[in-house]
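J.: predicted coordinates and the sequence they were generated for:
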Amino acid sequence: MRYGMLIGLIPAVVITVALPAYANDAEEQIQNAADTFASFMANPNQRIPRSVLRQAQGIAILPGVTSAGFIFGGTGGSGIITVKNDNGRWSNPIFVNIAGGSVGLQVGARSSDIVLVFMNQRAVRTLLRQSFSLGGDVGVAAGPVGSNAVVPTDAPGNVDVYAYSRSAGLFAGVSLAGQKISFNRDRTEAFYGRSPLTAQTVFNDPTIPIPPVVERLHQTINRAMQ
């Protein structure tokens, strides 16, 4: 009888131990995102233009996205997204995954750091969904690069998102069009210690405190805009 009661308690103990570890992983992911974004901005000739960042309504940072395959390929990774509130400040981030497939002349594998800059409110509204596709639900294009890049006052045509990628590996034929971004509810809820949570709640609820690691992320983005 006692043995059976003890077995019944084991799942609860495992869950109690696992949640803090999951939250700690999420904190490391935010810090990694901040470091990745800072490295994107380090070289004046290869940085995201300040004019783009000043217009930005949302930013996704996806470090270490992996692409691999031969003829048929796939992409997978994770990261965070923060949006600009009505008061002009950056929100608490949500955690997201990116995944997709591609067909083409591609050989090998690579790990890429990706930054997506959401240029208008239409693009930001897609972030409130459980998932959306780049190039389908929102228009995506390669963003201008460099401090002296000429950037229009609004993203041209149907371009809602400017995409930036950096890779040290070898790969060919990869496009962000068709990639799917989905809300990682489990990691988001573990990090903030609340359930249930939606993207809209995280972005807009002022009762959710801003953790120190998120404040550092905001500082990194704000410095890049100056």
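T.: Sure, I can see it. None of the values given here were measured: they were computed from a predicted structure.
J.: could you use CA atoms for every contact and neighbour count after this?
T.: Will do.
J.: since we're on the closest residue to G100 other than its chain neighbours, how many residues are nearby?
T.: Nearest residue to G100, sequence neighbours excluded (C-alpha to C-alpha, 6 or more residues apart in numbering): Q179, at 4.6 Å. Neighbourhood size, Q179 [other C-alpha atoms under 10 Å]: 19.
J.: test my guess that Q179 contacts L134.
T.: Yes - at 5.5 Å, Q179 counts as touching L134 under the criterion of C-alpha atoms under 8 Å.
J.: in the sheet, which residues pair with S133? Tell me.
T.: K180 (DSSP bridges).
J.: which residues touch it?
T.: S133 sits next to A177, G178, Q179, K180, I181 when contact means C-alpha atoms under 8 Å, 6 or more residues apart in numbering.
J.: please determine how far it is located from S195.
T.: Separation of S133 from S195 (C-alpha to C-alpha, to the nearest Å) stands at 26 Å.
J.: mind listing the strands for this protein?
T.: 58-83, 94-118, 131-133, 140-142, 161-167, 180-183 (DSSP state E).
J.: those: which one's closest to T220?
T.: strand 58-83 (12.2 Å; C-alpha to C-alpha).
J.: what count of nearby residues applies to S39?
T.: For S39, using other C-alpha under 10 Å, the count is 11.
J.: what's the residue nearest to G100 sitting at in phi/psi?
T.: With angles defined as degrees, to the nearest 10, Q179 sits at phi -70, psi 140.
J.: measure the residue lying closest to G76 once chain neighbours are set aside to E215 for me?
T.: Using C-alpha to C-alpha, 6+ apart and skipping residues adjacent in sequence, the residue nearest G76 is A99, 4.4 Å away. With distances taken as C-alpha to C-alpha, A99 is found 28 Å from E215.
J.: so which of the two has more stuff around it?
T.: A99 (19 against 14).
J.: quickly list what that one is bridged to.
T.: Beta-bridge partners, per DSSP bridges, of A99: G76, K180.
J.: and G88, how many neighbours does it have?
T.: Neighbour number of G88 under other C-alpha under 10 Å is 9.
J.: and R125, by the same measure?
T.: If you count neighbours by other C-alpha under 10 Å, R125 ends up with 11.
J.: what about it, distance to R194?
T.: Distance from R125 to R194, by C-alpha to C-alpha: 23 Å.
J.: which stretches of the chain have low pLDDT?
T.: 1-24, 67-74, 101-110, 148-158, 168-175 (pLDDT under 70).
J.: excluding chain neighbours, what is closest to T66?
T.: S111 (4.5 Å).
J.: what does P196 give?
T.: In space, P196 is closest to E189, 7.0 Å off (C-alpha to C-alpha, 6+ apart).
J.: what's the neighbour count on that neighbour?
T.: Neighbours of E189 (other C-alpha under 10 Å): 20.
J.: that one: what's it in contact with?
T.: S195, P196, L197.
J.: just among the residues you listed, which is most surrounded?
T.: L197 leads the contacts of E189 on contacts (other C-alpha under 10 Å) with 16 neighbours.
J.: this completes my enquiry, with thanks.
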